[in-house]
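In: Give me coordinates for this.
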Amino acid sequence: MHGSRMMSGKGSRARTAFAAAGALAVGVLGAGALSGCVGYRTVPEQSTGGWPNGTPNTAAVEEASTAALRWAIERVPPPDYRGSGGQFAISPPAGLRQSRYLRMARNLGPDAFPVTEDSAHLPTYFVGAVEVRGAFATIDVLCPTLDRWGDIAYKPYTLDLEGGVLPWRVRDVQAWRIGAMDPPAKYFLPATDEPVVTQAEP
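Out: The predicted model follows:
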């Protein structure tokens, strides 16, 4: 199925295929013996882009991104950073309308906040690259964690999701090493509900 690649800030995706004479296929979560080539994913390369239609304001992008963030928060709980006490901020795809942004934060629980001047100091979960193809989506999320010096570092994951008519759920997970992706710029909550248009790169 063909779909459009939607990017928010700095995203990432890398797929490297190597021909081999043997028979092995490596998947995201498992491996199986097949004749042909060996496929695997390596450290992701950084890339930038814009939304092909100029906006991420669709139900699929909002709901799939919320599901991806929920998975991330459950698997990598927010660190207690400088007295944050479990509170955290979320930075969704840039250009998301205020109403959608607030709904995402509300659906992620009482400790979740949109990025504002008052919450910018909190550990922040980022949505990176977003690709939606009908009932399937691939989303990068970057989870805040503490490094050995007690500073914030980011653990990235690439999530494959399925949803649409049914609630979005995570099907496959690719974990990357800490620091393998740079988080995009924080997307602050817009002052109004007017759509913010971003331009796709030619």
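In: how many other residues sit next to Ala60?
Out: 20 (other Cβ atoms under 10 Å). To be clear about C-beta, it is placed using only N, CA and C from the backbone, and glycine gets the same treatment.
In: Actually, Ala129.
Out: 25.
In: wouldn't it be in contact with Val141 here?
Out: No: with contacts counted by Cβ atoms under 8 Å, Ala129 stays clear of Val141, the gap being 9.8 Å.
In: Am I right that Ser99 falls within a helix?
Out: Yes: counting by DSSP: H, G, I helix; E, B strand; the rest coil, Ser99 is part of a helix.
In: Excluding chain neighbours, what is closest to it?
Out: Distances taken as Cβ to Cβ, 6 or more residues apart in numbering put Asp193 closest to Ser99, at 5.1 Å, once the chain neighbours are dropped.
In: wait, doesn't that neighbour sit right on Tyr101?
Out: No: counting by Cβ under 8 Å, Asp193 stays clear of Tyr101, with 9.4 Å between them.
In: rewinding a little: what's the local residue count around the residue nearest to Ser99?
Out: Using other Cβ under 10 Å, the number of residues around Asp193 comes to 11.
In: what secondary structure does it sit in?
Out: coil.
In: show me the residues around it that make contact.
Out: Counting by Cβ atoms under 8 Å, 6 or more residues apart in numbering, Asp193 makes contact with Arg97, Gln98, Ser99.
In: which phi and psi does it have?
Out: Asp193 has phi and psi values of phi -90, psi 10 when expressed as degrees, to the nearest 10.
In: So which bits of whichever strand or helix holds Val61 are buried?
Out: Assessed by DSSP states H and E, Val61 sits inside helix 59-75. If you call a residue buried by 16 or more other Cβ atoms under 10 Å, then helix 59-75 has these buried ones: 60-73.
In: can you list those in CSV and add pLDDT and distance to Arg82?
Out: Formatted as CSV, the buried residues of helix 59-75 follow (pLDDT from 0 to 100; distance: Cβ to Cβ, whole Å):
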residue, pLDDT, distance to Arg82
Ala60, 92, 36
Val61, 93, 32
Glu62, 96, 30
Glu63, 96, 32
Ala64, 96, 31
Ser65, 97, 27
Thr66, 98, 26
Ala67, 98, 29
Ala68, 98, 26
Leu69, 99, 22
Arg70, 99, 24
Trp71, 98, 25
Ala72, 98, 21
Ile73, 98, 19
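In: domains for this structure, by residue range?
Out: 10-46, 47-175 (automatic domain parsing).
In: Of all those domains, which one is nearest Lys186?
Out: Judged by Cβ to Cβ, the one of those that comes nearest to Lys186 is domain 47-175, at 4.8 Å.
In: And the strands in this protein?
Out: Secondary structure of the chain (DSSP state E): strands at 4-6, 10-12, 16-18, 25-26, 31-32, 38-40, 46-48, 88-91, 112-114, 124-133, 136-146, 152-162, 169-175.
In: show me where pLDDT drops low in the chain?
Out: The chain contains residues with pLDDT under 70 at 1-54, 196-202.
In: could you redo the last one with a cut-off of 80?
Out: 1-55, 195-202 (pLDDT under 80).
In: Excluding chain neighbours, what is closest to Tyr81?
Out: Spatial nearest neighbour of Tyr81, chain neighbours left out: Pro123 (4.9 Å); criterion: Cβ to Cβ, 6+ apart.
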